[in-house]
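*Asks:* this is the structure alone, sequence omitted:
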């Protein structure tokens, strides 16, 4: 199996930044082998991300997650880590977001992403809460998470919560 350097992997993934590739690695979305002071990536793993399908066109809320860390303020883990249990992933993705009324989106999909790639999908359920202007979604299992997980969203920059599909330009939460 052919190895790629970080620079080659970034180029294969459409010219993403090295920091984005490092985040994908730190969250476990892609594996990389440390060889001395460099990281090597399997060409097949890079190709799987490169060739990711477009996401479904059904309405969804995208939450953008980064490296995992423990928040002492919230006394919980935030971010993303592929090695976490399904319960911890769900808890990290469902709260706390700048959304005015989480129950308005009951029945839609909540999609967790790292960089542009979907890593988790749940169905938004009734019972969302607002605390100090931030929303916590209640979520249930999604009937078809595989339709979302692994897909690549054509987004860059912008807010940490986005509506999908965008109506025109970037969508802002309401």
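*Replies:* Happy to help now that I have it. As the structure is a computational prediction, the values presented were derived from the model and not from experiment.
*Asks:* the residue nearest the centre of the chain in helix, strand or coil?
*Replies:* Nearest residue to the geometric centre of the chain (Cα atoms, centre = their mean): residue 113, 1.0 Å. Residue 113 falls in the strand class when you classify it by DSSP: H, G, I helix; E, B strand; the rest coil.
*Asks:* I'd like to know how far the closest residue to residue 153 other than its chain neighbours sits from residue 9.
*Replies:* Sequence neighbours aside, residue 116 is the residue nearest to residue 153 in space, at 5.0 Å (criterion: Cβ to Cβ, 6 or more residues apart in numbering). (C-beta placed from N, C-alpha, C; glycine too.) As judged by Cβ to Cβ, to the nearest Å, residue 116 and residue 9 stand 14 Å apart.
*Asks:* from residue 25, how far out is the residue lying farthest from the centre of the chain?
*Replies:* Relative to the C-alpha centroid of the chain, counting by Cα atoms, centre = their mean, residue 36 is the outermost residue, at 29.5 Å. Going from residue 36 to residue 25 by Cβ to Cβ gives 16 Å.
*Asks:* list the contacts for the residue nearest to the centre of the chain?
*Replies:* 62, 63, 64, 65, 119, 153 (Cβ atoms under 8 Å, 6 or more residues apart in numbering).
*Asks:* could you do residue 66 as well?
*Replies:* So residue 66 contacts 23, 27, 79, 80, 114 (Cβ under 8 Å, 6+ apart).
*Asks:* which of these sits closest to residue 55?
*Replies:* Nearest to residue 55 among the contacts of residue 66: residue 114, at 14.0 Å, using Cβ to Cβ.
*Asks:* buried sites along the longest strand along the chain?
*Replies:* In the chain, taking DSSP state E as the definition, the longest strand is strand 117-131. For strand 117-131, a neighbour-count test (16 or more other Cβ atoms under 10 Å) marks 117, 118, 119, 120, 121, 122, 123, 124, 125, 128 as buried.
*Asks:* again with stretch 4-23
*Replies:* In stretch 4-23, counting by 16+ other Cβ under 10 Å, buried: 4, 6, 9, 10, 12, 13, 16, 20, 21, 23.
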